[in-house]
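Enquirer: Fold the following and give me the result.
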Amino acid sequence: MQVGVIKPLYPFEKRVAILPNDVISSYNHLVIERGFGSLLGIDDSDYAKRGCEILTRDQIFAECEAIFCLKLLQPSDYDKLRTNQLVVGWTHPTGSGTEFFNNIAIPLGLLIVDLDNINPSLYYRDKKIPIPWIPRDFIRGNSVMAGVCATLHALISYGYYPNSYTNVAILAPGNVSQGAYQLISKFNCNIRLFYRKTMDQFYDTIVDYDIIINGIEVDQPDLHIINKEQLKKLKKGTLIIDAAADAGNAIEGTHYTNIGDPIYEEDGIAFYEVNNAPTILYRESSKIISESLSKWVFSHDFIDFYQLI
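Expert: Down below sits the predicted model:
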């Protein structure tokens, strides 16, 4: 199958999803967009040497059965899509990609693959189908990087240098929280980790924290980790870093921000809600995701996605 690999047009996104050295012989014929690796100094000829075809973005949409785009397709690409095409990437059909899924994908009969690290799934109309050949936690390194980058970026953007008087709460034991801990522990601050069974202790002491880092993604609008009433208890100047980037769900009432304007303040509380934080360290992040995507996604026959429905 012809698989077109295009540059993400998502705001401030710089990661390169597949590097030339990770292109391997497989069932798929990779068609790479011109200039795909230019941000990393990679020439089109480097992909051509690995057997890839190089075409323009418009040609890829017109000729390829499958489209791989790391982040959400943007409106400028919508009219290029064709009925029954396969779209693969971090598509978030139940999160930030809900509008695209409902208004574009369903009417066109698109097959949408969401490469979620925990539940990689195929979405087709009203169906959600697990992808059996992609294991849970297949791209763990990117999740850890999300915690590192979100925490680093939030601190710099807020002008905050934690010290021995800074009280920090980190929510959840997963990969994102691990990355956040790796970064914040470099500072001489007081850190407490809270898990689902100990969240009551967090709520009892919520007023004590200067920084709260969330690593829990709930993807459901009525299962908030922190609700509006609990937000009212926070002291002025508290910085909330939603490293899981689950705006409006994990923390009630929040909305997404972006790398260019990452923090907003409301009622004296600062919120960081960037959903592509790993692109801040895009050189390292590109290596991590390219290796994982090569092994678990690009090495597999994309025709099998169609077989799932």
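Enquirer: Helices along the stretch 51-200 of the chain, start to end?
Expert: Counting by DSSP state H, counting those that start in this stretch, residue ranges of the helices within the stretch 51-200 of the chain are 57-63, 75-78, 98-100, 106-108, 140-158, 175-184, 199-204.
Enquirer: so where's the stretch 201-309 of the chain shaky on pLDDT?
Expert: Along the stretch 201-309 of the chain, the parts satisfying pLDDT under 70 run over 219.
Enquirer: how about the strands of it, start to end?
Expert: Secondary structure of the stretch 201-309 of the chain, counting by DSSP state E, counting those that start in this stretch: strands at 211-214, 239-242, 247-248, 251-252, 263-266, 269-272.
Enquirer: May I see those organised as CSV, with mean neighbour count added?
Expert: For every residue, glycine as well, the C-beta is placed using N, CA and C. Below are those laid out as CSV (neighbours: other CB atoms under 10 Å):
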stretch, mean neighbour count
strand 211-214, 27
strand 239-242, 28
strand 247-248, 18
strand 251-252, 22
strand 263-266, 14
strand 269-272, 22
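Enquirer: Any chance of JSON lines for those, columns distance to E33?
Expert: Output for the strands of the stretch 201-309 of the chain, formatted as JSON lines (distance: least, CB to CB, whole Å):
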{"stretch": "strand 211-214", "distance to E33": "35"}
{"stretch": "strand 239-242", "distance to E33": "31"}
{"stretch": "strand 247-248", "distance to E33": "29"}
{"stretch": "strand 251-252", "distance to E33": "36"}
{"stretch": "strand 263-266", "distance to E33": "33"}
{"stretch": "strand 269-272", "distance to E33": "31"}
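Enquirer: ok, for G147, nearest residue in space, not its chain neighbours?
Expert: Of all residues not flanking G147 in the chain, G179 sits nearest, at 2.6 Å (CB to CB, 6 or more residues apart in numbering).
Enquirer: Neighbours of that neighbour, how many?
Expert: By other CB atoms under 10 Å, 28 other residues sit near G179.
Enquirer: so who does it touch?
Expert: When the contact criterion is CB atoms under 8 Å, 6 or more residues apart in numbering, the partners of G179 are 143-149, 151, 243.
Enquirer: No further queries at this time; thank you.
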